[in-house]
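Student: here is a sequence together with a model predicted from it:
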Amino acid sequence: MRCRSVHLLLLPAVLSFPVSALAVAPNLGPSSPATQAQIAALELAVKNAQSAGDNAWVLVSAALVLLMTGPGLTLFYGGLVRRKNILGTMMQSFAMMGIITILWAFIGYSLAFGHGNGFIGGFEHIFLRGVGLTPNPEYAATIPEQTFMVYQLMFAIITPALITGAFAERVKFGPMALFLSLWSLLVYCPMAHMIWGVGGLLNINGGQWPCLDFAGGTVVHVTSGISALVAALYLGKRAGYPHTDMPPHSMVLSFIGACLLWVGWFGFNAGSALSAGPLATSAFINTQFAAAAALSWTLFEWLQNGKPTALGAISGAVAGLATITQASGFVQPMSALAIGTIAGIVCCFMVFKVKRFFGYDDSLDAFGVHGVGGTIGALLTGLFASGAINAVFGNDSAGTPRPTGAIGGNWHQVLNQAIAMGIGWVLAIVGSLVLLFVVDNLFGLRLSPADETSGLDLSQHGEEGYELNG
Amino acid sequence: MLKIEAVIQPAKLDTVKSALIEAGIEGITIIEARGHGRQKGHSEFYRGREYTIDLLPKIKLEIVVNDDMKDKVIAAILAAARTGHIGDGKIFISPVQDVIRIRNDERGEAAI
């Protein structure tokens, strides 16, 4: 999917430049060796210019995606817990910035993007063997493969970090880090390979069920959100939930975190074009539109409880962003508005009503926002995808883009999206259950009641977030 | 010497402080406190869940004055802190045995 669109973008630029090159060299015949050399030099210059532009954008995007984890997610989650748990909650996400980076360099990138089978990549790139500063045209023809590698790393970091919202305030640091590390290798990497990897089962170019997932709605949000629900159910409720009040200790921190998530998401979605061309613009605009429209959460809440809360507004925005992720490079701006509006209302309903009905303690609503947003986003992408935005299925004989989604007539895509999303659900449920069971039985995941009462900060890290002395 | 303690609404701190200084008070200590009287609490909503917040933010101020200042100080607080609604707070008055200025060991009324 990605590499083809990059080729298409490059083509008109390369074709148009030799013509202008001839115009500035009127004294030479078009076939003279000097002209040929000049054309070759210009083609190289164009290629380098394109590469520099694309590389700049993708590197900036990589930094923006890291910004989503720290400080975005750490602040968003940190503010929502009780004050005795703020450092522990922030550390859960921050640890992923370190651990997953090392894992990714050793083996993660290879398992996700190496050549393997339909389910998982191989070992060809372990210790980044063969991942150099020249492009890998299978993924992105204009940027160094190391740029692609580090950009994808940032996705691998935030995905397990999202899960921590489900078991907030009640897990031991070490076993938690082990669980999420194994999860990254056994759930995230296979899912990324199936959808984005060459030869993947769900790859848009040649997969058995081609799935449209522009920036990771299924790869990131379905896997993390569903695993979050599994983890919340496996670990059980926090002591005192739901009878003891556990309101957020700092809405201000959460507010700043959510705003940083929104900004970082431009790197997440628009960066997934892997180029700085019009496709990046399209994804950028869809990201903004969906986040704005998802403030429908606030409206729903206003009608429900009589007040438009700040937490509702920022939760809605995050839900809209999670939901548009999958569709961001495939849909028209008006469709993005529709997707965002639906996301805000459905996710709000899940968090307000469904969670209470079943009584599970998805503490910070990682499932309600990311799992639900990712799931409906997968289906809505199949519904709203437009060949005019991104002709991933090529053009027909008349030269018009083949329909990509149901609104263009390709209803079959909704089924493909559902299959990919279903595989994401199954992989997340089975993988998480197995890993939770293993890690829990080896080391114990749940805090002792005494440690849970004193809080993560003191019991796990031996420090406090808010020190009054001095 | 008397200690006058008043629990007031946080929003009234500035007007009460100005009124006390106008009444001739030299020193004042305030404490950010939480509590409730007959007012009880209020509701807050976080992601659709209703929380009853029964310990509300309050300001407690402490002033130590000579006996002759008592009526002036009480009048100032009453005038400045009253909204007429439940939750306006209370004033407590108690005798003070001694006052010692840490800087120079002054005692009694001279130290106030």
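Tutor: Looks like it came in fine. Predicted model, so just to flag it, every value in this text is computed and none were measured.

Student: burial measure for the closest residue to chain B within chain A, as a count.
Tutor: Using Cβ to the nearest Cβ, A:F352 is the residue of chain A that sits closest to chain B, at 3.3 Å. Heads up, the C-betas are built off the backbone N, CA and C, glycines and all. Per other Cβ atoms under 10 Å in any protein chain shown, the neighbour tally for A:F352 reads 21.

Student: now do the contacts for it.
Tutor: Residues near A:F352 by Cβ atoms under 8 Å, 6 or more residues apart in numbering or on different chains: A:301, A:304, B:47-48.

Student: so the closest residue to A:L433 other than its chain neighbours versus A:P190, what's the distance?
Tutor: Nearest residue to A:L433, sequence neighbours excluded (Cβ to Cβ, 6 or more residues apart in numbering or on different chains): A:V230, at 5.9 Å. A:V230 sits 16 Å away from A:P190, going by Cβ to Cβ, to the nearest Å.

Student: kindly report the same for B:I59.
Tutor: Distance from B:I59 to A:P190, by Cβ to Cβ: 58 Å.

Student: ok, A:K307 next?
Tutor: Using Cβ to Cβ, we find A:K307 at a distance of 44 Å from A:P190.

Student: the two: which has the busier surroundings?
Tutor: Shown here are A:K307 and A:P190; by other Cβ under 10 Å, A:P190 has more neighbours (25 against 13).

Student: please, where are all the strands along chain B?
Tutor: Taking DSSP state E as the criterion, chain B carries its strands at B:2-8, B:29-35, B:42-46, B:49-53, B:56-65, B:90-95.

Student: out of these, flag the one nearest A:A62.
Tutor: Closest approach to A:A62 among these (Cβ to Cβ): strand B:42-46, 33.7 Å.

Student: tell me what the closest one is packed against?
Tutor: Contacts defined by 3 or more Cβ pairs under 8 Å, 6 or more residues apart in numbering or on different chains; DSSP states H and E place strand B:42-46 against strand B:49-53.

Student: which pLDDT value goes with whatever residue of chain B ends up closest to chain A?
Tutor: Scanning chain B for the residue nearest chain A gives B:G48, at 3.3 Å (criterion: Cβ to the nearest Cβ). B:G48 is assigned 84 on the pLDDT scale.

Student: ok, now A:S16?
Tutor: At A:S16, pLDDT is 51.

Student: which parts of the longest helix seen in chain A are buried?
Tutor: Taking DSSP state H as the criterion, chain A has its longest helix at helix A:33-67. With burial defined by 16 or more other Cβ atoms under 10 Å in any protein chain shown, the residues of helix A:33-67 counted as buried are A:35, A:38-39, A:42-43, A:46-47, A:50-51, A:54-55, A:57-59, A:61-62, A:64-67.

Student: also stretch A:392-411?
Tutor: Those would be A:392-393, A:401, A:403-408, A:410, for stretch A:392-411 by 16+ other Cβ under 10 Å.

Student: give the other helices and strands that the longest helix of chain A contacts.
Tutor: Packed next to helix A:33-67, using 3+ Cβ pairs under 8 Å, 6+ apart, are helix A:2-23, helix A:145-163, helix A:251-270.

Student: where among these is average confidence lowest?
Tutor: Among the helices and strands packed on helix A:33-67, helix A:2-23 carries the lowest mean pLDDT, at a mean of 49.

Student: list the contacts of the nearest residue to A:V369 once chain neighbours are set aside.
Tutor: Excluding the flanking residues, the one nearest A:V369 by Cβ to Cβ, 6+ apart is A:A319, at 4.9 Å. Contact analysis of A:A319 by Cβ under 8 Å, 6+ apart lists A:294, A:297, A:343-344, A:347-348, A:369, A:372-373.

Student: buried sites along whatever helix or strand A:A319 lives in?
Tutor: Using DSSP states H and E, A:A319 sits in helix A:310-324. For helix A:310-324, the neighbour count (16+ other Cβ under 10 Å) marks A:311-324 as buried.

Student: so what secondary structure elements neighbour the helix or strand just after that helix?
Tutor: Sequence-wise, the next helix or strand downstream of helix A:310-324 (DSSP H and E) is helix A:333-349. Using 3+ Cβ pairs under 8 Å, 6+ apart, the elements in contact with helix A:333-349 are helix A:278-293, helix A:296-305, helix A:310-324, helix A:372-384.

Student: ranking those by mean pLDDT, which is last?
Tutor: Sorting the helices and strands packed on helix A:333-349 by mean pLDDT places helix A:296-305 lowest, at a mean of 93.

Student: hmm, it touching chain B?
Tutor: Yes - residues of helix A:296-305 contacting chain B under Cβ under 8 Å from any Cβ of the partner chain: A:301, A:304-305.

Student: most neighbours among those, which one is it?
Tutor: Within the residues of helix A:296-305 next to chain B, most neighbours by other Cβ under 10 Å means A:E301, with 26 neighbours.

Student: which non-adjacent residue is nearest that one?
Tutor: In this structure, A:E301 finds its nearest non-sequential neighbour in A:G312, 4.3 Å apart by Cβ to Cβ, 6+ apart.

Student: surely the one you found touches A:A294?
Tutor: No - contact status for A:G312 versus A:A294: not in contact, 10.6 Å apart, counting by Cβ atoms under 8 Å.

Student: so which residues on the stretch 301-450 of chain A come close to chain B?
Tutor: A:301, A:304-305, A:307, A:309, A:311-312, A:315, A:348, A:351-353, A:356, A:365.

Student: redo these as a markdown table? Include distance to A:Q460.
Tutor: Shown next, in a markdown table, are those (distance: Cβ to Cβ, whole Å):
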| residue | distance to A:Q460 |
| --- | --- |
| A:E301 | 34 |
| A:Q304 | 37 |
| A:N305 | 35 |
| A:K307 | 36 |
| A:T309 | 30 |
| A:L311 | 26 |
| A:G312 | 31 |
| A:S315 | 27 |
| A:C348 | 32 |
| A:V351 | 27 |
| A:F352 | 31 |
| A:K353 | 33 |
| A:R356 | 29 |
| A:D365 | 23 |
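
Student: for the closest residue to A:V351 other than its chain neighbours, helix, strand, or coil?
Tutor: Distances taken as Cβ to Cβ, 6+ apart put A:G368 closest to A:V351, at 4.0 Å, once the chain neighbours are dropped. At A:G368 the chain is in helix, as set by DSSP: H, G, I helix; E, B strand; the rest coil.
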